[in-house]
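Student: Here is my input; please provide its structure:
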Amino acid sequence: MTDTETRTVRGGLAAKGRSKPPKVLRMSVELPLWRALTGYRILTLVYALCLVGLSYQKYEHPLGAAAYMGALTVWMVLTWRRTTSAERCTRHFLLADLGFAVGGILLTPLVDTHARIMDGAPTLPSIWTAGAVLGFAIKGGWRWAAVASSAVAVANLVERQELARDTVHNVVLVWVASVAIGYVVEVARASERTLARALQIEAATRERERLARDIHDSVLQVLAMVQRRGAAIGGEAAELGRMAGEQEVALRTLVAGGLVSPPRAAAATVPHPAGEGAADDAVAAAPAAPAAPAPEPAGDGPCDVRALLAPFAGAGVTFSEPGAPVELPAAAAAELAAAVSAALDNVRVHAGDGARAWILVEDEPRAVIVTVRDDGPGIPEGRLADAEREGRLGVALSIRGRLRDLGGAAQWVSVPGQGTEVELTVPKGTAPEGGRRGKARA
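Tutor: The predicted model follows:
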């Protein structure tokens with residue numbers, strides 16, 4: 001194994017060691033509801049105090065009414081923070097809060113006159129009672145809300161001592177509203193769990209693809225090169241190459257998610273068209289020279305894409321660039337250069353000897369577009385999808401995966417017998433997910 005190959009493996013493993021799994025944003029649809037409930041309880045307490053104050057002289061026992069309202073105010077002062085979150089709002093608190101509401105309703109006939117009650121005078125807690133019921137709805141869903149609202153309904157009927165129309169109307173309104181809110185909360189919780197699970201799966205999938213891309217850009221490349229050179233040298237080296245080929249197939253199967261690659265011959269294979277799967281074949285007619293490594297961008301600031309792509313120019317590669325700097329964030333520029341390197345490796349391995357390639361850099365107002373074109377035999381229709389299913393990850397990860405992580409896209413245009421064109425588009429102001437920087441070879 002050459003020093004270059006060793007550095008490639010070590011660099012890929014070091015990049016994996018430095019990387020951190022992407023964080024999944026945790027959210028809560030309940031927090032706004034708890035805040036709204038806290039505000040509702042405070043406002044309705046002020047409203048109930050005003051009602052009692054305005055009718056103070058009309059009560060049969062005004063001191064009793066004042067004592068209850070004083071106790072309710074103290075209760076609110078001591079417990080108002082209990083309704084700011086689900087963790088603080090315990091079952092015991094909800095039961096005590098409902099007890100204050102029901103107790104105030106049942107206490108009303110003892111401190112107010114029968115005539116005022118029959119005329120529809122409000123109970124002592126008035127609409128503050130709904131806050132206790134809504135706490136049950138947010139905490140436990142529609143079933144808890146139904147039980148709490150039923151307790152309030154019974155207390156209201158006992159206080160009024162008859163099925164008056166306004167009493168029935170208030171009871172039904174509280175019951176329907178609390179049950180409806182409880183049901184909405186349950187649906188919101190289920191949606192939140194589903195969304196959180198989907199975000200976790202997406203984060204895990206992206207991390208798995210990133211690791212697979214690192215493996216493809218380092219370990220798989222070296223194993224394929226060892227197999228090719230071992231077969232060419234012969235003797236004991238051929239056995240070493242055969243073992244490297246077996247390990248490459250096993251590793252590729254693992255990276256591809258369990259899809260079994262087709263049997264691979266130990267002899268030379270027919271080259272595939274350009275763009276098919278980077279240098280993913282375990283054997284080839286002759287060892288392919290690796291791409292010229294692009295320089296590492298300095299710092300984390302803007303980086304001129306032209307400086308990273310210029311080293312790819314050579315006898316068989318023509319590089320065309322604008323006259324002004326083409327800037328991208330350093331990490332995004334490095335990933336774009338790695339994708340271009342993968343596309344050029346495809347040309348070298350699959351387009352055949354003597355094939356030429358052209359790199360064109362375009363600086364658009366909102367994106368940077370890099371086009372890699374070759375004059376090889378082209379790609380048969382459906383070959384890219386077949387290569388991805390077989391575990392060849394050059395296009396799927398080293399090119400398309402990188403551009404997707406940058407928020408961009410990679411498009412292939414190929415006509416059999418007339419070559420292949422790969423268009424890489426990167427929006428300006430983007431950076432790879434997880435902030436990973438570096439280059440790799442497909």
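Student: Next, the buried residues of the host helix or strand of A66.
Tutor: Taking DSSP states H and E as the definition, one finds A66 inside helix 62-79. Along helix 62-79, the positions that meet the burial threshold by neighbour count (16 or more other C-beta atoms under 10 Å) are 64-66, 68-69, 72, 76, 79. Placement of C-beta: from N, CA and C, glycine included.
Student: From the residues you listed, pick the one nearest W128.
Tutor: Of all these, the one with the least separation from W128 (C-beta to C-beta) is L72, at 7.4 Å.
Student: Can you report phi and psi for P322?
Tutor: P322 adopts backbone torsions of phi -70, psi 170, taken as degrees, to the nearest 10.
Student: ugh, wrong one, I meant M243
Tutor: Main-chain dihedrals, M243, degrees, to the nearest 10: phi -70, psi -40.
Student: Please apply the same query to E321.
Tutor: Here E321 shows phi and psi, under degrees, to the nearest 10, equal to phi -140, psi 160.
Student: what about it, distance to K428?
Tutor: Note on E321: its distance to K428, by C-beta to C-beta, to the nearest Å, is 17 Å.
Student: Of those two, which one has the most company?
Tutor: When E321 is set against K428 and neighbours are counted by other C-beta atoms under 10 Å, the residue ahead is E321, at 20 against 16.
Student: Compute the distance between the more buried one and P62, please.
Tutor: Plainly put, E321 is 89 Å away from P62 if you go by C-beta to C-beta.
Student: Check which helices and strands the helix or strand harbouring L95 sits against.
Tutor: Using DSSP H and E, the secondary-structure element containing L95 is helix 91-111. Judged by 3 or more C-beta pairs under 8 Å, 6 or more residues apart in numbering; DSSP states H and E, helix 91-111 is in contact with helix 62-79, helix 129-140, helix 142-160.
Student: If you count contacts, what does the following helix or strand past it end up packed against?
Tutor: Per DSSP H and E, the first helix or strand lying C-terminal to helix 91-111 is helix 114-118. Contacting helix 114-118 under the criterion 3+ C-beta pairs under 8 Å, 6+ apart are the following elements: helix 142-160.
Student: can you give me the angle the helix it packs on makes with helix 91-111?
Tutor: Angle, helix 142-160 to helix 91-111, by axes from the mean of the first three to the mean of the last three C-alpha atoms, to 10 degrees: 10 degrees.
Student: Give me the residues contacting helix 142-160.
Tutor: Helix 142-160 is touched from outside by 94, 98, 101-102, 105-106, 108-109, 117-118, 123, 129, 132-137, 163, 167, 170-171, 174-175, 178-183, 185-186, with contacts defined as C-beta atoms under 8 Å, 6 or more residues apart in numbering.
Student: immediately after it, which helix or strand?
Tutor: Moving toward the C-terminus from helix 142-160, the next helix or strand (DSSP H and E) is helix 165-215.
Student: Hmm, A343 is touching V372, no?
Tutor: Yes. Counting by C-beta atoms under 8 Å, A343 does reach V372; the two are 4.2 Å apart.
Student: Spell out which residues are contacts of both of those two.
Tutor: For the pair A343 and V372, residues contacting each of them under the criterion C-beta under 8 Å, 6+ apart are 422, 424.
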